[in-house]
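1. No sequence on hand, only this structure:
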């Protein structure tokens, strides 16, 4: 279906052409003075120079051609040459009717659906998720859902860190604590125990212990490095221990991500890319793209037009070791082989911008991706405490994600207990849903690249621009519709939406009509915060309408039925949007 603004553009073009002016001047935008009009056209101002005519004269000519159209409640030319537009209520109701009947509420899908790989999560094996993992997980999940809503085939990949010295350190520490296990002998090939010799709690303590010990004991570090090299060369025992580390870690990570409503299609790992590295590196050498510099293999990435020279991308260190860039490039090789994606999107701290610029440029220069493949980096800012510094525990440590969830759930639970009397189990279940909304909305409502203050008390509030406020709006609509049915009413699909009678009802219709524009922008810019802003505006307009309209007490049945169908559409749009943000509404709050 055509969007309101597109219908208006067509009508304005008709007016300009009919009055003898170029069609290009018939552009329409949402009014920046909503107190005066809903939409505006400034084309007459731009046309004045070409036609050597006063803008107000041109505007009057255009308005004269189309002012009688039923599309408009009011259209007028105002000095010095603006055209102010207010659409008719009947047209808004007709647009809402069309939206309600369409699967995506009037959003037109792009001509070509893409295959997209989204690399998000950023977790490492054997380490607990902490607050630093929150943003890539929930922003990436939302971007994935937005792209799927727009018809793309989207593959979400957690891309676990599981390769390198951290694994060697863990194995060395396990060997120190449990020297009698059968994993350490070079000539022992199995069978190895099926059960891991450690739990996730053990691993979370083992790695920091091993890392700290290695910094003070060089022999221990050298042994860990030797174990890492043997692991990567295929040592059977170390590979078996590594597999235990993976199994125990992934099981725990899935539980944590599940609790965030974050779901990956692939659980690929850095190690999966390793087999692609040798051939990739040899091809770079053969093609003359990679060259030796101070014993290391590098690729130049500076391009014409750069304001400053970028450092070369390091592919292989002087000791023969590969780096993150090497692994990321090899992962692109694998993704090309498996999926032939049209686009690959990465979520990571914005401070990694240079790294991804280097990787993307090497990928194009070396022909690792096809020329038309889009490579995008979404760099996110820092989640800070009220002191403006990165969020920490009270004693200065890094806060675990699970602990953060518990804090915000407790905050919501307390607020609910103050206002309502629930059974404890029910209250906790509702608090979990509302707490997740508070957590996700509090983050996603900020532009991804910006740092923001994480304020649990504000995010958990049931008022203002918060997740709980959005959920409360949905629950309020659910309650109204349920009460109508309890009173013997029937919600019929055949109900006709009537033209709005009040300013607040008109605003609900207008806000609904902007859904398709908003989705196109959120998709084009990979920007969940645009959805947050929209659903806050829609919730505000609904609640204003609700407070000044006796919906269920309306005596005219056709008008009451129209009200109920309208708020039902508001509910559907809100629920569709929060699903793209990765949370859901309870049935009551």
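-> Thanks, I have the structure now. Everything quoted here is computed from the prediction, not taken from an experiment.
2. mind listing what residue 143 touches?
-> When contacts are counted by Cβ atoms under 8 Å, 6 or more residues apart in numbering, residue 143 touches 118, 120, 345, 347, 378, 526, 528. C-beta coordinates here come from the backbone N, C-alpha and C atoms, glycine included.
3. 7 Å instead, please
-> 118, 345, 378, 526, 528 (Cβ atoms under 7 Å, 6 or more residues apart in numbering).
4. Scan the residues you listed and report the most crowded one.
-> Among the contacts of residue 143, the one with the most neighbours (other Cβ atoms under 10 Å) is residue 528, at 29 neighbours.
5. That one contacts residue 139, correct?
-> Yes: Residue 528 sits in contact with residue 139 when judged by Cβ atoms under 7 Å, with a separation of 6.4 Å.
6. Next one: residue 230 from residue 220, what distance?
-> Per Cβ to Cβ, to the nearest Å, residue 230 is found 16 Å from residue 220.
7. Same check on residue 389?
-> As defined by Cβ to Cβ, residue 389 lies at a distance of 33 Å from residue 220.
8. Those two - which one has more neighbours?
-> Looking at residue 389 and residue 220 with other Cβ under 10 Å, you find the greater number of neighbours at residue 220, namely 17 against 9.
9. List the buried residues for the helix or strand containing residue 253?
-> Per DSSP states H and E, residue 253 falls inside helix 236-259. Neighbour-count burial for helix 236-259, counted by 16 or more other Cβ atoms under 10 Å, picks out 236-242, 244-246, 248-250, 252-253, 256-257.
10. residues making contact with stretch 257-276?
-> Applying Cβ under 7 Å, 6+ apart, the external contacts of stretch 257-276 come out as 121, 137-138, 141, 155-163, 250, 327, 330-331, 333-334, 405, 436, 582-583.
11. if we can go back for a sec, show me the contacts of residue 143 that map onto strands.
-> 118, 345, 378 (DSSP state E).
12. what's the neighbour count on the nearest residue to residue 17 once chain neighbours are set aside?
-> Of all residues not flanking residue 17 in the chain, residue 23 sits nearest, at 5.3 Å (Cβ to Cβ, 6 or more residues apart in numbering). Neighbourhood size, residue 23 [other Cβ under 10 Å]: 15.
13. give me every residue that touches residue 23.
-> 13, 16, 17.
14. residues near the last one, how many?
-> Spelled out, that is residue 17. Other residues lying near residue 17 total 15 when counted by other Cβ under 10 Å.
15. how about low-confidence regions in the stretch 251-400 of the chain?
-> 393-397 (pLDDT under 70).
16. Do me a favour and average the pLDDT over stretch 481-501.
-> Here the mean pLDDT over stretch 481-501 is 94, rounded to a whole number.
17. quick one on the thing from earlier: mark which of the contacts of stretch 257-276 are part of strands, please.
-> Within the contacts of stretch 257-276, residues falling in strands by DSSP E are 155, 156, 157.
18. hey, what's the second one bridged with?
-> Going back to what we said before, that points to residue 156. When assigned by DSSP bridges, residue 156 has beta-bridge partners residue 118.
19. How about the contacts made by it?
-> So, once contact is read as Cβ under 7 Å, 6+ apart, residue 156 ends up touching 118, 120, 140, 144, 264, 265, 266.
20. and what of the first one?
-> If a contact means Cβ under 7 Å, 6+ apart, then residue 155 has 117, 265, 266, 339 as its contacts.
21. Any chance of TSV for these, columns neighbour count?
-> Below are the contacts of residue 155 laid out as TSV (neighbours: other Cβ atoms under 10 Å):
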residue	neighbour count
117	25
265	13
266	18
339	16
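22. Number of residues surrounding residue 392?
-> Per other Cβ under 10 Å, the neighbour tally for residue 392 reads 14.
23. now, which of the ones in strands among the contacts of residue 143 sits nearest residue 311?
-> Comparing these against residue 311 with Cβ to Cβ picks out residue 378 as the nearest, at 22.6 Å.
24. Can you pull the phi/psi pair for the spatially closest residue to the closest one that is not a sequence neighbour?
-> The shortest distance from residue 378 to any non-neighbouring residue, by Cβ to Cβ, 6+ apart, is to residue 347 (5.2 Å). Phi and psi for residue 347, reported as degrees, to the nearest 10, are phi -110, psi 120.
25. got the contact list for residue 347?
-> Counting by Cβ under 7 Å, 6+ apart, residue 347 touches 119, 120, 136, 139, 140, 378, 380.
26. hey, where'd the helices end up in the stretch 201-350 of the chain?
-> All helices of the stretch 201-350 of the chain, identified by DSSP state H, counting those that start in this stretch, fall at 218-233, 236-259, 270-273, 277-286, 324-339.
27. typo on my end, the stretch 401-550 of the chain
-> Going by DSSP H, counting those that start in this stretch, the stretch 401-550 of the chain shows helices at 401-419, 424-444, 456-459, 467-486, 503-513, 515-525, 528-548.
28. Leaving out the residues flanking it, which one is nearest to residue 79?
-> Sequence neighbours aside, residue 56 is the residue nearest to residue 79 in space, at 5.5 Å (criterion: Cβ to Cβ, 6+ apart).
29. typed the wrong thing, it's residue 181
-> Closest residue to residue 181 apart from its sequence neighbours, by Cβ to Cβ, 6+ apart: residue 197 at 5.9 Å.
30. quick one: contacts for the one you found?
-> Listed by Cβ under 7 Å, 6+ apart, the contact partners of residue 197 are 174, 178, 181.
31. burial measure for the second one, as a count.
-> The local packing of residue 178 (other Cβ under 10 Å) involves 12 other residues.
32. Pull up the per-residue confidence for it.
-> In this model, residue 178 is scored at 97, pLDDT.
33. Report pLDDT for the spatially closest residue to it that is not a sequence neighbour.
-> Distances taken as Cβ to Cβ, 6+ apart place residue 197 nearest to residue 178, at 5.8 Å, with adjacent residues excluded. Residue 197 carries a pLDDT value of 96.
34. cool, and the one 4 residues further on?
-> What the model reports as pLDDT for residue 201 is 91.
35. From residue 207, how far off is it?
-> Counting by Cβ to Cβ - residue 201 and residue 207 are separated by 12 Å.
36. between the two, which one's more packed in?
-> Legend: neighbour count by other Cβ under 10 Å for residue 201 and residue 207, higher for residue 207 (21 against 11).
37. for that one, what are its contacts?
-> When the contact criterion is Cβ under 7 Å, 6+ apart, the partners of residue 207 are 126, 127, 166, 169, 170.
38. what's around the third one, how many residues?
-> Spelled out, it's residue 166. Residue 166 has 20 neighbouring residues, counting by other Cβ under 10 Å.
39. Show the buried residues in the contacts of stretch 257-276.
-> Among those, those scoring as buried are 121, 137-138, 141, 155-163, 250, 327, 330-331, 333, 405, 436, 582-583 (criterion: 16+ other Cβ under 10 Å).
40. where exactly do the helices run in the stretch 51-200 of the chain?
-> 55-66, 89-101, 134-149, 165-177, 200-216.
41. who's in contact with the first one?
-> Contact partners of helix 55-66, identified using Cβ under 7 Å, 6+ apart, comprise 11, 14-16, 18-19, 21, 44-45, 47-48, 51, 75-77, 79-83.
42. got the buried residues for that helix?
-> For helix 55-66, by 16+ other Cβ under 10 Å, it's 55, 56, 58, 59, 60, 61, 62, 63, 65, 66.
43. what mean pLDDT does it have?
-> 98.
44. How much space separates residue 474 from residue 212?
-> Per Cβ to Cβ, residue 474 is found 48 Å from residue 212.
45. now swap in residue 10 and tell me
-> Plainly put, residue 10 is 68 Å away from residue 212 if you go by Cβ to Cβ.
46. same thing with residue 248?
-> 21 Å.
47. Contact partners for residue 147?
-> Residue 147 neighbours (Cβ under 7 Å, 6+ apart): 116, 154, 523.
48. what do you get for residue 444?
-> 138, 139, 142, 528, 529, 532, 581.
49. which of the residues you listed lies closest to residue 294?
-> Closest approach to residue 294 among the contacts of residue 444 (Cβ to Cβ): residue 139, at 37.9 Å.
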